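[1] Below is the structure, and that's it, no one-letter string:
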């Protein structure tokens, strides 16, 4: 077993981007941020402490923001870095750096169980009030919980690799 602290050290850009995404969506939705730690050697490795969010749509974006941002940045960094490595077989350190960066960011895309708990509570209330996004997010929260449980089996790493290395490979094969 590899300690979580070592994984966090090896993939620290993903932790930083994850917390920055929470903060970004807080700012975009007008949610006051009280405290933020983008990376530390502890549990959790990062956090954003913000005011209570009563609007479901805002809560949804703040909770799921890292999934959106981290997934997007994973592809943005990995796709161009894949070209010299996959298409031309170049052993290029800069490309490998960007592949590591992209996969590290992609690995930290999943919202935490704390985010899932907040989203679950608010989604139940919102669904009763007829909020369509709240209704649709109930199964999503189950997937978030499952993904967090599957971290023991490296699902977060598998996601980062599939998105950062597998997707570019598929795209590049279509182009070539």
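    Now that the structure is in, tell me what you want to look at. Since this is a predicted model, take the numbers as computed values, not measurements.

[2] Ends of stretch 84-99, what's the gap?
    Its start and end residues considered, stretch 84-99 measures 11 Å (Cα to Cα, to the nearest Å).

[3] and that stretch, which residues are buried?
    By neighbour count on 16 or more other Cβ atoms under 10 Å, the buried set for stretch 84-99 is 84, 85, 86, 95, 98, 99. The way it works is simple: take the backbone N, C-alpha and C, and place the C-beta from them, glycine included.

[4] Could you pull up the mean pLDDT of that stretch?
    Here stretch 84-99 scores 92 as its mean pLDDT.

[5] Quick one: residues in contact with it.
    With Cβ atoms under 8 Å, 6 or more residues apart in numbering as the contact definition, stretch 84-99 has outside contacts at 77, 78, 80, 81, 82, 83, 164, 165, 168, 169, 172, 176.

[6] again with stretch 129-147
    So stretch 129-147 is contacted by 56-57, 60, 64, 110-111, 113, 115-116, 119-120, 122-127, 155-156, 159 (Cβ under 8 Å, 6+ apart).

[7] Of those residues, select the buried ones using a ChimeraX command.
    Selection of buried members from those for ChimeraX, criterion 16+ other Cβ under 10 Å:
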select :56,60,64,110,111,115,116,119,120,122,123,126,127,155,156,159
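
[8] can you list the weak-confidence ranges in this structure?
    Scanning the chain for pLDDT under 70 picks out 1-2, 176.

[9] Report the central residue of it.
    residue 109 (1.3 Å; Cα atoms, centre = their mean).

[10] in which helix or strand would I find the closest residue to it other than its chain neighbours?
    Distances taken as Cβ to Cβ, 6 or more residues apart in numbering put residue 70 closest to residue 109, at 3.7 Å, once the chain neighbours are dropped. Assigned by DSSP states H and E, residue 70 belongs to helix 56-82.

[11] Buried residues, that helix. List them.
    Result for helix 56-82 [16+ other Cβ under 10 Å]: buried residues 56, 58-67, 69-71, 73-75, 77-79, 81-82.

[12] and if you look at stretch 156-169?
    Quick answer for stretch 156-169 (16+ other Cβ under 10 Å): 156, 157, 159, 160, 161, 163, 164, 165, 167, 168, 169.

[13] farthest pair in those?
    Between any two of these, the greatest separation by Cβ to Cβ is 19.6 Å, found for 156 and 169.

[14] OK, contacts around residue 65?
    Contacts of residue 65 (Cβ under 8 Å, 6+ apart): 21, 22, 24, 25.
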